[in-house]
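1. Coordinates only, no sequence provided:
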């Protein structure tokens, strides 16, 4: 029987002093176990950040179901995390890395078993973080874009305006948000989840990124579902559950 987790809220700091909001649910364990960090997607102007993942029960479900610490971070400019929002750019990436560092420092968490899980906008930023943080146990990217310039050119007017406002349209801005061009730096096993009929992030984005990771020697699995941008839980859980059970049950020997 797993003890019921309690969700706690934390305000931590990035290396530049900016505030980062994080929620976590921690199962009671005698020995250090793994952790998963969720990065939310776009929220239709609500900007509630990680609280969305608390309110929909995800943190408690993952924490108790896998007997791990489940955490969620608010992206820059969302929730109580300092902004400005920069559309998955360096500020957002620093916010995610601060949350990962916070988890690694906790004695109840095995730093070699931390999984980063980004959805939609969160997948864009998480993929870029994975190119900078080499010791993640695994990364899960759902409904993401990995070549932002290519996606921008085919995006809706509203999405193009958001990218232009938050990130700008320079070559440097696109490069800083396009993990396809940094795939050779990624070392963590990767699970890509994508809807075949996604009208915001074309499935070709996941297919090309999967090929690039494979070419770079990264263990990668691409699961495509018959749905749109939002992947129903009943679709993804058949892939997610065995993947997470395996990565949390097996510790990669580095010694």
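-> Looks like it arrived, so ask away. Because the structure is predicted, anything quoted here is derived from the model rather than measured.
2. what sits up against the longest helix anywhere in the chain?
-> As assigned by DSSP state H, the longest helix anywhere in the chain is helix 233-249. Contact with helix 233-249 is made by 33-34, 36, 62, 66, 68, 113, 115, 137-138, 140, 142, 189, 191, 193, 221, 223, 225-227, as judged by CB atoms under 8 Å, 6 or more residues apart in numbering. (C-beta placed from N, C-alpha, C; glycine too.)
3. switch the cut-off to 7 Å
-> 34, 66, 68, 113, 115, 137, 138, 191, 193, 223, 225, 227 (CB atoms under 7 Å, 6 or more residues apart in numbering).
4. Can you pick out the most distant pair from those?
-> Using CB to CB, the contacts of helix 233-249 reach their maximum pairwise distance at 113 and 227, which is 29.7 Å.
5. ok, so of the contacts of helix 233-249, who is nearest residue 83?
-> Distances from residue 83 to the contacts of helix 233-249, taken by CB to CB, are shortest for residue 115, at 26.4 Å.
6. my guess is the closest one contacts residue 39, does it?
-> No: contact criterion CB atoms under 7 Å: residue 115 and residue 39 do not qualify, at 11.5 Å.
7. Which of those two has more residues huddled nearby?
-> Neighbour totals were compared for residue 115 and residue 39, and residue 39 leads with 29 against 25 (other CB atoms under 10 Å).
8. if I look at that one, how far off is residue 170?
-> Distance, residue 39 to residue 170, using CB to CB, to the nearest Å: 24 Å.
9. do the same with residue 115
-> 32 Å.
10. before we move on, the earlier item: which one's more surrounded, residue 113 and residue 227?
-> Set residue 113 next to residue 227 and count neighbours by other CB under 10 Å: residue 113 wins out with 22 against 16.
11. Flag every buried residue along whichever strand in the chain runs longest.
-> Across the chain, the longest stretch assigned as strand under DSSP state E is strand 109-119. Buried residues in strand 109-119, counted by 16 or more other CB atoms under 10 Å: 109, 110, 111, 113, 114, 115, 116, 117, 118, 119.
12. shouldn't the last one be in contact with residue 142?
-> Yes: the pair residue 119 and residue 142 passes the contact test of CB under 7 Å, sitting 4.6 Å apart.
13. how about stretch 36-51: buried residues?
-> So stretch 36-51, judged by 16+ other CB under 10 Å, has buried residues 36, 37, 38, 39, 40, 41, 42, 43, 47, 49, 50, 51.
14. in the sheet, who's paired with the third one?
-> So the one you mean is residue 38. Per DSSP bridges, the residues bridged to residue 38 are residue 72, residue 117.
15. Was I right to think residue 77 contacts residue 83?
-> Yes: look at residue 77 against residue 83 with CB under 7 Å: they come within range, at 3.2 Å.
16. Please list all residues in contact with residue 95.
-> Taking CB under 7 Å, 6+ apart, we find residue 95 in contact with 14, 20, 73, 75, 76, 81.
17. need those residues in JSON lines with pLDDT, distance to residue 177 and neighbour count, can you?
-> What follows is the contacts of residue 95, written out as JSON lines (pLDDT from 0 to 100; distance: CB to CB, whole Å; neighbours: other CB atoms under 10 Å):
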{"residue": "14", "pLDDT": "97", "distance to residue 177": "18", "neighbour count": "20"}
{"residue": "20", "pLDDT": "98", "distance to residue 177": "19", "neighbour count": "26"}
{"residue": "73", "pLDDT": "98", "distance to residue 177": "18", "neighbour count": "33"}
{"residue": "75", "pLDDT": "98", "distance to residue 177": "13", "neighbour count": "31"}
{"residue": "76", "pLDDT": "97", "distance to residue 177": "13", "neighbour count": "29"}
{"residue": "81", "pLDDT": "98", "distance to residue 177": "18", "neighbour count": "27"}
